[in-house]
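> Could you look at this predicted model? Sequence included:
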Amino acid sequence: MAEKTRTDETVRVALKAFNNIANEWQLSLSEAAALADMSESTWKRARKPGYAGTLTKDQMLRLSALVGIYKALKLYFSPPIDTGWMRLPNQGPLFQGKRPVDTLIENGLPHFLHVRNYLDALRGGA
């Protein structure tokens with residue numbers, strides 16, 4: 001039973017963190033749902049306190065990567081770029097003129113990890 005409680009708490013914290021990030025990044029409902037790999041109706045329920053659902057391993061990895069992306073943006077950029085970066089067209093090699101949020105949605109979990117590594121490299125000066 002302790003494992004289930006820990007997992008429930010982890011899911012609660014991950015969803016709360018991502019909901020805060022989605023709000024700060026001013027993502028639409030459909031963008032946030034797609035990033036979390038959920039339907040819009042599920043995301044509407046999941047972002048509310050008391051959500052009793054579970055997350056797949058893929059969903060947890062997505063949310064973890066998004067928290068890492070958020071942290072890297074906060075460390076690397078100043079306002080308002082830190083919160084607007086996901087919605088701005090980007091000429092970087094991973095984005096080809098598209099908005100980062102769109103490339104994450106289009107390309108799935110591997111791209112989340114590539115973007116996180118890309119930002120970590122920028123932050124580290126590599």
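All right, it came through fine. Numbering: from 1, shown residues only.

> What segments of this protein are helices?
With DSSP state H as the criterion, the chain has helices at 2-24, 29-35, 40-46, 57-76, 81-84, 100-107, 109-124.

> so where is the chain shaky, pLDDT-wise?
Filtered on pLDDT under 70, the chain yields the residue ranges 1-6, 125-126.

> residue nearest the centroid of it?
When CA atoms, centre = their mean is applied to the chain, the residue found nearest the centroid is L66 (2.9 Å).

> which residues sit in contact with S30?
By CB atoms under 8 Å, 6 or more residues apart in numbering, the contact set of S30 is E40. Placement of C-beta: from N, CA and C, glycine included.

> again with A33
Contact analysis of A33 by CB under 8 Å, 6+ apart lists 39-40, 42-43.

> 10 Å - rerun?
Listed by CB atoms under 10 Å, 6 or more residues apart in numbering, the contact partners of A33 are 22, 27, 39-44, 46-47, 105.

> what's the answer for S64, then?
By CB under 10 Å, 6+ apart, the residues touching S64 are 14, 17-18, 112-113, 116.

> Derive a ChimeraX selection command for the buried subset of those residues.
If you want just the buried ones from the contacts of S64 in ChimeraX, going by 16 or more other CB atoms under 10 Å, the selection is:
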select :14,18,112,113,116
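
> would a markdown table of the contacts of S64 with distance to V101 be doable?
What follows is these, written out as a markdown table (distance: CB to CB, whole Å):
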| residue | distance to V101 |
| --- | --- |
| A14 | 19 |
| A17 | 17 |
| F18 | 13 |
| F112 | 11 |
| L113 | 16 |
| R116 | 14 |
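
> buried set for stretch 68-78?
By neighbour count with 16+ other CB under 10 Å, stretch 68-78 contains the buried residues 68-70, 72-73, 77.

> what two of those residues are the furthest from one another?
Pairwise distances across the buried residues of stretch 68-78 peak at 14.7 Å for G68 and F77 (criterion: CB to CB).

> tell me which of the contacts of S64 is nearest to Q59?
Here the nearest of the contacts of S64 to Q59, counting by CB to CB, is A14; it sits at 8.4 Å.

> what's around the closest residue to that closest one other than its chain neighbours, how many residues?
Spatial nearest neighbour of A14, excluding adjacent residues (CB to CB, 6 or more residues apart in numbering): L63 at 4.5 Å. As a burial measure, L63 scores 23 neighbours (other CB atoms under 10 Å).
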